[in-house]
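> return atomic coordinates for the entry below.
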Amino acid sequence: MLYLKDLTYHPAATPIAILKALNLELAPQQLGLVIGPSGSGKSTLLEVLAGLAQKTAGKVMWRDQELAPDQLQQLAGLVFQFPERHFCGHTLLEELRLGHPELSKERIDQALQAVGLAHLPLSTAPRSLSGGQQRRLALAVQLIRQPYLLLLDEPTAGLDWSMRQQVISLLTQLKQQWTLLIVSHEPGELAGIADRCWTLDHGVLSVADPATLATRQTSPASAELKAGF
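Now for the predicted structure:
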């Protein structure tokens, strides 16, 4: 169980808190979705949960244990928005072993199998992959670390309709084994696979109904139009 109790993030340089006393509960093997406009604090929330930013007040707990930032770094795997922009390896093997040169081929094969890329040669260049495959590779990079919690920032952003469906299908499969927390600026198809939903606006988190958000689907035409810009 991921449990947030009055989580607050207020950097000294800002006049008001970015995150204001957030409360959230997410059970194991559930997919949670946080919807909010740009600047609402969504990415900051993920950075705090990944241990990349330190909370000002409140608690972040996992299975009744309060966690410090270094412990969160071990617990969570964060996939940034447009993760393909951060690829450094020239091949799949290089990308997956970055920072972990001792990884066995078995661990690598398991991660690629989990995201549906096991059929690709390890010599494949990451930047030669389709957009949907690149998002899958970014997830495999985190799965290699064997986290308990997967954090995803706008996982369908910039993808056309077909690729969005690939990612949605993958996330549906992954939540059978991992706990996922996703942030997005629009519910789209994500609300349809979410177990818990919240809205985040001006740093304030509110519970939302997944069924209600799921009615705000993004149409194929509008999705592809957005992807063209």
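> show me where the chain has its strands.
Using DSSP state E, the strands of the chain run over residues 2-9, 19-26, 31-35, 57-62, 65-66, 76-79, 149-153, 179-184, 196-201, 204-208.
> let's have these in TSV, adding mean neighbour count and mean pLDDT.
From N, CA and C alone the C-beta is placed, and that goes for glycine too. TSV is the format used below for the strands of the chain (neighbours: other Cβ atoms under 10 Å; pLDDT from 0 to 100):
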stretch	mean neighbour count	mean pLDDT
strand 2-9	18	97
strand 19-26	19	97
strand 31-35	24	97
strand 57-62	17	96
strand 65-66	11	94
strand 76-79	23	94
strand 149-153	23	96
strand 179-184	23	96
strand 196-201	19	96
strand 204-208	16	95
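> grab the nearest non-local neighbour of residue 57.
Spatially, and ignoring its direct neighbours in sequence, residue 57 is nearest to residue 8 (4.1 Å; Cβ to Cβ, 6 or more residues apart in numbering).
> give the residue farthest from the middle of the protein.
Distance from the C-alpha centroid of the chain peaks at residue 15, with 28.2 Å (Cα atoms, centre = their mean).
> per-residue pLDDT, that one?
With respect to pLDDT, residue 15 scores 91.
> what distance do you get for it to residue 163?
When Cβ to Cβ, to the nearest Å is the yardstick, residue 15 and residue 163 sit 40 Å from each other.
> what's the answer for residue 116, then?
13 Å.
> neighbour count: the two, which is higher?
residue 163 (20 against 17; other Cβ atoms under 10 Å).
> who's in contact with that one?
Counting by Cβ atoms under 8 Å, 6 or more residues apart in numbering, residue 163 makes contact with 130-132, 135, 156.
> list just the nearest of the residues you listed to residue 23.
Each of the contacts of residue 163 was checked against residue 23 using Cβ to Cβ; the closest is residue 156, at 26.6 Å.
> now that closest one. Nearest residue, chain neighbours left out?
Of all residues not flanking residue 156 in the chain, residue 164 sits nearest, at 4.6 Å (Cβ to Cβ, 6+ apart).
> report pLDDT for the one you found.
If you check residue 164, the pLDDT there is 89.
> quick one: it and residue 190 touch, right?
No - counting by Cβ atoms under 8 Å, residue 164 stays clear of residue 190, with 9.3 Å between them.
> what do those two both touch?
Shared contacts of residue 164 and residue 190 (Cβ under 8 Å, 6+ apart): residue 156.
> comparing these two, which shows the higher neighbour count?
residue 190 (28 against 25).
> surely that one is in contact with residue 33?
Yes - with contacts counted by Cβ under 8 Å, residue 190 reaches residue 33, the gap being 5.4 Å.
> which neighbours do those two have in common?
With Cβ under 8 Å, 6+ apart, residue 190 and residue 33 have common neighbours 182, 184.
> do a quick rundown of the helices in this structure.
42-49, 69-75, 92-97, 105-114, 131-143, 161-174, 210-214, 220-227 (DSSP state H).
> with distance to residue 203 added, can I get these in CSV?
Output for the helices of the chain, formatted as CSV (distance: least, Cβ to Cβ, whole Å):
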stretch, distance to residue 203
helix 42-49, 9
helix 69-75, 20
helix 92-97, 35
helix 105-114, 34
helix 131-143, 26
helix 161-174, 26
helix 210-214, 20
helix 220-227, 26
